[in-house]
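>>> got a predicted structure plus its sequence, pasted below:
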Amino acid sequence: MIWNLSGLLLILLLLILAVSRWKIHPFLALLLAALSLGLFMGLGGANTVDVLLTGFGNTLKWIGVVVILGAFIGEVLHETGGALRISKAVVKRTGPKKLPWAMGVTGYLVSIPVFVDVAYIVLQPVTEALAGRSKRPVLVLGLALAAGLTVSHTLIPPTPGPLAVASLLNADIGRLILINGAVAIFAMAGGILWATYFCKNAWLDYDRKLEIHRAEALEEDLVADRKQMVLLDLLPIIVPIVLMAVGTGLKGGSQGSVGELLSLISTPMVAVLIGAGIAWLQFRSAKEKGGGNRLVEQAIVKSALVIMITGAGGAFGFVIRESGIQNSLADYFATMPFLGFLLPFLVAAVLTTATGSVTVSLIGAASIVGPMVANMSYSPEMIAALIGCGSFCVFHANSSFFWLLNRLHEVPVPILYQTFTTQSLVMGLSGLLGVFILQLFGVS
């Protein structure tokens with residue numbers, strides 16, 4: 001157990017050094033780390049390659065096409081000035097000072113029905129336009145959005161992780177939603193405050209590019225002086241989110257041809273494809289007819305690197321999970337019930353740090369702690385909240401979202417460790433503070 005964990009920590013350290021110190025491309029570094037880990041853990045050469053490719057394919061299966069379609073929507077919103085009009089309306093309603101909170105709440109609501117990575121990709125053009133208009137680093141608003149997205153994904157049913165935790169702990173769903181909902185506010189507030197105050201000077205070279213694009217788009221928009229409703233600009237973003245939400249709400253409840261149709265159009269790929277179709281029609285009505293294919297090609301070119309690195313990150317995480325390190329950790333923590341109140345939090349934190357997957361962390365921690373629930377002096381719902389808080393700690397190089405931020409905003413790896421990784425720790429501790437406060441008020 002100790003030998004396996006030491007090997008994992010060594011490979012993670014070498015991965016961090018390879019990308020940040022030795023300047024090896026993340027795609028190659030992640031593949032080499034995955035191969036090394038598989039061989040070290042005794043998976044065997046051929047099996048390690050097979051597991052790596054399976055993880056790579058599984059990641060791309062969910063995100064590859066969606067990234068390209070989302071990038072196309074972003075290209076259209078940039079080309080037509082839609083992103084600027086949306087950002088102008090948001091700034092007018094919320095004011096520049098409240099923008100991070102508006103982004104956090106948006107992420108909180110959107111991520112209940114929508115996969116985190118997909119939601120962030122769809123909202124990327126608006127995030128960048130708002131950053132330019134409010135004259136803030138894109139990381140401030142991006143991380144505020146990420147805080148809201150990850151909080152609901154980790155703590156609020158009907159997302160799969162919290163539902164699985166409720167089932168494994170035999171928790172009451174209604175009470176779990178109330179407790180986790182309160183804890184989520186603390187976790188999200190911690191993440192937004194971190195992004196607002198500790199990332200306010202995290203300027204990137206990418207921010208300069210956004211400023212140039214914004215100046216060009218503003219000039220075009222002043223010349224065209226279009227009076228298009230902001231709601232129309234939002235349609236390519238809102239429609240996919242609504243479709244995916246409807247699919248989540250009707251899952252298993254609608255049969256026949258109507259049910260099959262709803263099941264089809266609510267899948268992330270088809271939902272975002274419909275949004276891209278709306279964006280295409282908007283572009284054709286606002287611009288020359290022959291330019292749509294150019295934007296598609298731009299989206300493919302810009303997305304290729306994002307897709308490949310995200311796939312490599314997913315492959316590395318999959319090798320970690322297939323190596324069985326979480327089972328070794330389970331056996332280890334099962335011998336330490338004396339940790340009591342903090343045990344669920346610590347188990348989940350170790351699993352997230354080791355595997356890079358919130359879902360694996362939630363399910364793994366609940367499976368480990370589940371048999372101990374009857375002997376603990378806390379309700380299953382409070383234990384679920386502790387597991388959720390631990391699952392934030394911490395996101396780093398084995399998380400696919402880490403590399404998504406790296407590519408979408410061209411964020412250097414050291415800066416991601418200083419901002420995104422630290423934010424995840426702050427969110428976990430903020431949620432833990434929320435659990436302590438609930439306890440002080442008699443919730444157990």
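Yep, it's here.

>>> Phe72: which element?
In this structure, Phe72 sits in helix 45-80 according to DSSP states H and E.

>>> and that helix, how far from the chain's centre?
Offset of helix 45-80 from its chain centre (CA atoms, centre = their mean, to the nearest Å): 14 Å.

>>> that helix packs against which elements?
helix 26-40, helix 82-94, helix 116-134, helix 230-250, helix 268-286, helix 292-322 (3 or more CB pairs under 8 Å, 6 or more residues apart in numbering; DSSP states H and E). Every residue, glycine included, has its C-beta placed from N, CA and C.

>>> between these, which one is closest to Gly190.
In terms of CB to CB, the element of the helices and strands packed on helix 45-80 nearest to Gly190 is helix 116-134, at 17.7 Å.

>>> can you list the buried residues in that closest one?
Within helix 116-134, the residues scored as buried using 16 or more other CB atoms under 10 Å are 116-134.

>>> and for stretch 353-370?
Buried residues in stretch 353-370, defined by neighbour count with 16+ other CB under 10 Å: 353-370.

>>> what's the answer for stretch 138-145, then?
Of the residues in stretch 138-145, 138-145 count as buried by neighbour count, 16+ other CB under 10 Å.

>>> ok, back up a step: which of the helices and strands packed on helix 45-80 is buried the deepest?
Mean neighbour count (mean count of other CB atoms under 10 Å) peaks for helix 116-134 among the helices and strands packed on helix 45-80, with a mean of 25.

>>> just after that helix, pick out the following helix or strand.
Moving toward the C-terminus from helix 116-134, the next helix or strand (DSSP H and E) is helix 138-155.

>>> for that following helix, what is the distance to the chain centroid?
The chain centroid and the centroid of helix 138-155 are separated by 7 Å under CA atoms, centre = their mean.

>>> in a markdown table: the helices and strands packed on helix 45-80, plus mean pLDDT and distance to Lys209.
Shown next, in a markdown table, are those (pLDDT from 0 to 100; distance: least, CB to CB, whole Å):
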| stretch | mean pLDDT | distance to Lys209 |
| --- | --- | --- |
| helix 26-40 | 87 | 20 |
| helix 82-94 | 73 | 14 |
| helix 116-134 | 82 | 9 |
| helix 230-250 | 76 | 22 |
| helix 268-286 | 85 | 22 |
| helix 292-322 | 79 | 12 |
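
>>> closest to Glu211 out of these?
helix 116-134 (5.9 Å).

>>> follow-up on the earlier one: can you redo the helices and strands packed on helix 45-80 as a markdown table with distance to Glu75?
A markdown table is the format used below for the helices and strands packed on helix 45-80 (distance: least, CB to CB, whole Å):
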| stretch | distance to Glu75 |
| --- | --- |
| helix 26-40 | 24 |
| helix 82-94 | 10 |
| helix 116-134 | 8 |
| helix 230-250 | 11 |
| helix 268-286 | 8 |
| helix 292-322 | 4 |
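
>>> what is the neighbour count of Leu264?
Here the number of neighbours of Leu264 (other CB atoms under 10 Å) works out to 13.

>>> quickly find the element holding it.
Judged by DSSP H and E, Leu264 forms part of helix 256-265.

>>> residue contacts, Val411?
139, 204, 206, 405, 419-420 (CB atoms under 8 Å, 6 or more residues apart in numbering).

>>> nearest to Val394, of the residues you listed?
The closest of these, once distances to Val394 are taken by CB to CB, is Phe420, at 9.3 Å.

>>> how near is the closest one to Ile238?
Separation of Phe420 from Ile238 (CB to CB, to the nearest Å): 27 Å.

>>> next one: Phe27
Counting by CB to CB, the gap from Phe27 to Ile238 is 34 Å.

>>> and of the helices and strands packed on helix 45-80, who's closest to Thr59?
The nearest among the helices and strands packed on helix 45-80, by CB to CB, is helix 292-322 at 2.7 Å.

>>> nearest spatial neighbour of Ala89, skipping sequence neighbours?
Among residues not flanking Ala89 along the chain, Val230 sits closest, at 4.5 Å (CB to CB, 6 or more residues apart in numbering).

>>> I figured the one you found hits Arg85, correct?
Yes. Val230 lies in contact with Arg85 (CB atoms under 8 Å); the separation is 5.4 Å.

>>> checking Val373 next. Helix, strand or coil?
Secondary structure state of Val373, per DSSP: H, G, I helix; E, B strand; the rest coil, is helix.

>>> ok, it to Asp172 distance?
Noted for Val373: a distance of 13 Å to Asp172, by CB to CB.

>>> the more surrounded of those two?
Using other CB under 10 Å, the more surrounded residue of Val373 and Asp172 is Val373, with 18 against 15.

>>> any idea of the pLDDT on the more buried one?
Confidence at Val373, expressed as pLDDT, is 72.

>>> residues contacting it?
Contacts of Val373 (CB under 8 Å, 6+ apart): 169-170, 380, 383.

>>> most neighbours of all the residues you listed, which one?
Ile383 (26 neighbours).

>>> that one: which element?
Assigned by DSSP H and E, Ile383 falls within helix 380-390.

>>> distance check, the closest residue to Ala164 other than its chain neighbours against Ala348.
Spatial nearest neighbour of Ala164, chain neighbours left out: Ile363 (5.0 Å); criterion: CB to CB, 6+ apart. In this view, Ile363 and Ala348 are 10 Å apart by CB to CB.

>>> go on, Gly181?
Plainly put, Gly181 is 18 Å away from Ala348 if you go by CB to CB.

>>> okay, those two: which has more neighbours?
Between Gly181 and Ala348, counted using other CB under 10 Å, the more crowded position is Ala348 (29 against 16).
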